[in-house]
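K.L.:
Turn this into a model:
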Amino acid sequence: MAYWAVLTILAAAFFGDPILLGLIFVFGILIPWAKAIRLAMFKQSLRTLISLFPFYLVLGILFFVPPRDAVFLFHLIPQLKLLPITVDMIVWTIGIFMKFLIIIACFWMILVTSPLPDIVRSFSKFRIPWPLVLATSLGLSYVPVMVEEISTVQEAQRSRGHRFEYRNPINRAKAMGPLLVPLLSLSIAHSERLTLAIQARGYGYAVEKRTELRDLSFHTLDYAAFVIVFVLAAVFLYAYFYTPHLIDYTFTMNLLRRFL
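P.N.:
Numbers count the residues shown, from 1 in each chain. Have a look, this model is predicted:
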């Protein structure tokens, strides 16, 4: 399943059309991973990621350069005719956001369905330097700990009468203030204990001679999956240069122009 996630990430990285990215999300994430994940956890994580869409919309308003045939809606500052809002900008922003959503979801699926020791051993198998492997493994292993600590601190603050749920994103951001200090202190305490544990185990000594209880090895299916991934990556690269209407947002935009 890890190879399928890599293939899905490659497809999301090359394509930018919202309709095609929606198909990639359905057939690359929802259907293949439906039995491997808990639906409630996936919905909660997806809801959290979707809450970041206003941030991408602001980036689209500031940095998107509308084409000459853009479908204009209005200006945010009509007196000065600044910050135009166009259908092209909205479609482009949705595509960029869905690209981000698919990539994050694929990484999350890998973490949920793959044991962390196997992920770390796979990094070592590709001759990645051990400091980078250690930093990656610590970062990945700290994600569920951080999620649990956030939930614990939120429950403690709710028991004191604090409210986190607001419709206004500005008020919601302000409500996260009481989480910062407890999480910062907990993270510092974890880092101190982690440093002592690493030093006590002598990590870093004779790394080249280190052995593993269960060594990972490539099999025929792994090599076949590598070939399939590289072939499809070449197909995506060909589409990137020779079918630009599928790579950018123009495919969806041409469909919308028929109804606008």
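K.L.:
Please count neighbours and contacts with C-alpha atoms only from this point.
P.N.:
Noted.
K.L.:
next SSE after the longest helix anywhere in the chain?
P.N.:
Ranked by residue count under DSSP state H, the longest helix found in the chain is helix 130-159. The first helix or strand that comes after helix 130-159 along the chain, using DSSP states H and E, is helix 169-175.
K.L.:
For the strand or helix carrying Ile104, what is the distance to the chain centroid?
P.N.:
Using DSSP H and E, Ile104 maps to helix 87-113. Put simply, helix 87-113 sits 7 Å off its chain's centre (Cα atoms, centre = their mean, to the nearest Å).
K.L.:
now stretch 23-32
P.N.:
Relative to its chain's centre, stretch 23-32 lies at 15 Å (Cα atoms, centre = their mean).
K.L.:
The residue most central in space within the chain and Lys174, how far apart?
P.N.:
By Cα atoms, centre = their mean, the mean C-alpha position of the chain lies nearest to Ile104, the distance being 1.6 Å. In this view, Ile104 and Lys174 are 25 Å apart by Cα to Cα, to the nearest Å.
K.L.:
ditto for Val181
P.N.:
13 Å.
K.L.:
Look up the closest residue to Ile9, ignoring the ones flanking it.
P.N.:
Leaving aside its chain neighbours, Ile9 sits nearest to Ile103 (5.4 Å; criterion: Cα to Cα, 6 or more residues apart in numbering).
K.L.:
Pull the contacting residues for that neighbour.
P.N.:
Residues near Ile103 by Cα atoms under 8 Å, 6 or more residues apart in numbering: Thr8, Ile9, Ala12.
K.L.:
Columns neighbour count and distance to Leu62 on top of these, output as TSV?
P.N.:
TSV is the format used below for the contacts of Ile103 (neighbours: other Cα atoms under 10 Å; distance: Cα to Cα, whole Å):
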residue	neighbour count	distance to Leu62
Thr8	21	29
Ile9	21	27
Ala12	27	23
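K.L.:
For the protein, which segments count as helices?
P.N.:
2-14, 18-25, 39-50, 53-63, 87-113, 116-125, 130-159, 169-175, 177-200, 220-242, 244-247, 250-257.
K.L.:
For Leu80, find the nearest of those helices.
P.N.:
Comparison of the helices of the chain against Leu80 by Cα to Cα identifies helix 53-63 as nearest, at 15.2 Å.
K.L.:
Phe74 and Leu221, how far apart?
P.N.:
54 Å.
K.L.:
same question, Leu134
P.N.:
Applying Cα to Cα to Leu134 and Leu221 gives a distance of 28 Å.
K.L.:
With neighbour numbers in mind, choose between these two.
P.N.:
Using other Cα atoms under 10 Å, the more surrounded residue of Leu134 and Leu221 is Leu134, with 16 against 9.
K.L.:
got any ranges where the stretch 151-260 of the chain has weak pLDDT?
P.N.:
169, 173, 203-217, 244-247, 260 (pLDDT under 70).
K.L.:
ok, now with 50
P.N.:
Counting by pLDDT under 50, the stretch 151-260 of the chain shows no low-confidence range.
K.L.:
Next, the buried residues of stretch 146-155.
P.N.:
Buried residues in stretch 146-155, counted by 16 or more other Cα atoms under 10 Å: Glu149, Ile150, Val153, Gln154.
K.L.:
Just the closest of those to Lys99, please.
P.N.:
Ile150 (26.5 Å).
K.L.:
Provide a list of residues in contact with the closest one.
P.N.:
Leu179, Leu183.
K.L.:
Quick check: it vs Val65, distance?
P.N.:
Counting by Cα to Cα, the gap from Ile150 to Val65 is 39 Å.
K.L.:
Please apply the same query to Asp88.
P.N.:
9 Å.
K.L.:
So which of those two has more stuff around it?
P.N.:
Neighbours were counted for Asp88 and for Val65 using other Cα under 10 Å; Asp88 has more, 23 against 12.
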